[in-house]
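Asker: Output the structure for:
(one chain, ligands or ions: 2)
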Amino acid sequence: MNSTTGAASAYGISVEQEPIGHHKTRHTLTLLLRARRCPFECVFCDLWLHNHASATPVGSIPSQISDAIEQTFSRDPYRGTVPREPRWAIKLYNGGNFTDPLSVPETDWTAIADRCKPFDRVIVENHATMCGSRLLKFQEQLRPRLEVAIGLETANVDVLSRQQKKMTLSDFDRAAKFVLDHGMDLRCFTMLQLPYSDVKCSVDDSIATVQHAVGAGALFVAIIPTRHTTKAMQSLVRSGDHQPPNLRQLERALFESLRWTSEMKSDAVVIADTWDIDHVDHCSACQRHTIANIQAMNAAQRPCAISSCQSCGTEACDR
Ligand code: SF4
Ligand SMILES: [Zn+2]
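Answerer: Residues are numbered from 1 along each chain as shown. Ligands and ions are numbered 1, 2, ... in the order given. The predicted structure follows:
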């Protein structure tokens with residue numbers, strides 16, 4: 001991910017080969033857009049660190065998208081255009097909610113839709129309680145297929161209720177149904193070991209959350225290890241209300257989730273988010289091997305054997 005600065009630049013622009021099945025990937029241009037800070041202020045969230053408090057100026061988002069497309073495709077081998085084959089997806093992540101008019105002004109939607117025309121799929125993020133008629137209005141303007149990423153975070157209702165997310169599981173289920181009923185695809189973000197989790201249950205919670213997301217119709221589920229980059233999270237670590245997840249838990253959550261999708265013969269893609277993975281808590285004796293195994297599972301979409309480590313006491317598992 002390239003980090004950029006400046007009022008009208010996305011703060012992250014990257015090209016990914018995103019898994020879409022057994023060793024299959026899709027070219028994806030991911031933009032982390034500078035926009036108005038998300039108003040929800042969930043306890044665990046650090047996305048606001050990159051955003052601003054005031055309303056996003058009109059014209060800023062289309063300009064950030066144009067710049068990113070220009071930066072990405074003006075160089076070889078693209079020769080100035082988004083290739084028609086293979087088809088590309090574009091992620092417009094605004095660190096909040098796409099249908100929040102103060103984050104993405106509605107007057108910019110036509111220009112945004114225009115810039116997204118060469119892509120096959122547009123992926124936006126939105127809070128479950130904001131998936132309604134405004135989403136349909138944007139979809140109407142869009143040529144590519146719309147995929148909506150919703151933060152389910154956790155299916156553990158007690159833990160979810162303590163995140164200030166202002167969303168219940170029923171809100172999520174309603175939003176998932178709305179998205180699917182209107183011909184959009186659903187993607188879910190899930191968090192491994194949120195604050196106030198019971199550490200002994202957090203891997204099982206993570207697997208149950210993946211199962212809930214897939215059951216609700218998600219095509220793609222990301223398991224994200226909870227970060228503690230903000231002062232609020234660091235204070236929860238100090239008070240003992242949050243224990244950062246470790247790599248071996250992430251590996252296990254992915255392994256078991258993929259075992260389940262394989263058994264269910266589900267087409268849903270489940271990945272562990274590898275953004276900043278070097279900073280996830282780890283045992284130095286098995287860190288490299290564990291990251292490689294997580295990456296192998298993300299690509300293969302099959303569980304790959306977990307190896308033992310005498311240093312951290314991880315037991316092998318190859319079921
Ligand atoms: S709704 Fe999403 S973007 Fe907004 S604070 Fe919560 S986790 Fe962060
Ligand atoms: Zn180890």
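
Asker: so where's the stretch 201-319 of the chain shaky on pLDDT?
Answerer: Regions of the stretch 201-319 of the chain meeting the criterion pLDDT under 70 are absent.

Asker: That one: strands as residue ranges?
Answerer: All strands of the stretch 201-319 of the chain, identified by DSSP state E, counting those that start in this stretch, fall at 220-225, 269-272.

Asker: Show me which residues of this structure sit near ligand 2.
Answerer: Taking Cβ under 5 Å from the ion as the contact definition, the chain meets ligand 2 at C283, A285, C286, C309, S311, C312. Backbone N, C-alpha and C define where each C-beta goes, glycine included.

Asker: Narrow those to those in helices?
Answerer: Judged by DSSP state H, helices contain none of the residues of the chain next to ligand 2.

Asker: buried subset of those?
Answerer: The neighbour-count criterion (16 or more other Cβ atoms under 10 Å) marks C283, C286, C309, C312 among these as buried.

Asker: Go through those residues and name the one nearest H27.
Answerer: For those, the residue nearest H27 by Cβ to Cβ is C286; the value is 32.0 Å.

Asker: Run through the bridge partners of the nearest residue to the closest one once chain neighbours are set aside.
Answerer: Spatially, and ignoring its direct neighbours in sequence, C286 is nearest to C309 (4.0 Å; Cβ to Cβ, 6 or more residues apart in numbering). Counting by DSSP bridges, C309 is bridged to T314.

Asker: so C309 touches Q287, yeah?
Answerer: No. Using Cβ atoms under 8 Å, C309 is not in contact with Q287; the gap is 9.7 Å.

Asker: residue nearest the centroid of this structure?
Answerer: Closest to where the C-alpha atoms of the chain average out (Cα atoms, centre = their mean) is F189, at 4.9 Å.

Asker: where does it land on pLDDT?
Answerer: Note on F189: pLDDT of 98.

Asker: quick one, phi/psi of the spatially closest residue to S66 that is not a sequence neighbour?
Answerer: Nearest residue to S66 in three dimensions, chain neighbours excluded: R115, at 5.9 Å (Cβ to Cβ, 6+ apart). Taking degrees, to the nearest 10, you get phi -70, psi -20 for the backbone angles of R115.

Asker: Enumerate the residues of the stretch 101-250 of the chain near ligand 1.
Answerer: H127, G151, K165 (Cβ under 6 Å from any ligand atom).

Asker: I'd like those as a markdown table, with pLDDT, neighbour count and distance to E70 appended.
Answerer: Shown next, in a markdown table, are those (pLDDT from 0 to 100; neighbours: other Cβ atoms under 10 Å; distance: Cβ to Cβ, whole Å):
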| residue | pLDDT | neighbour count | distance to E70 |
| --- | --- | --- | --- |
| H127 | 98 | 23 | 30 |
| G151 | 98 | 24 | 30 |
| K165 | 97 | 24 | 36 |
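
Asker: Save these as a markdown table, and put in secondary structure and distance to I69 too.
Answerer: What follows is those, written out as a markdown table (DSSP: H, G, I helix; E, B strand; the rest coil; distance: Cβ to Cβ, whole Å):
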| residue | secondary structure | distance to I69 |
| --- | --- | --- |
| H127 | coil | 27 |
| G151 | strand | 26 |
| K165 | coil | 33 |
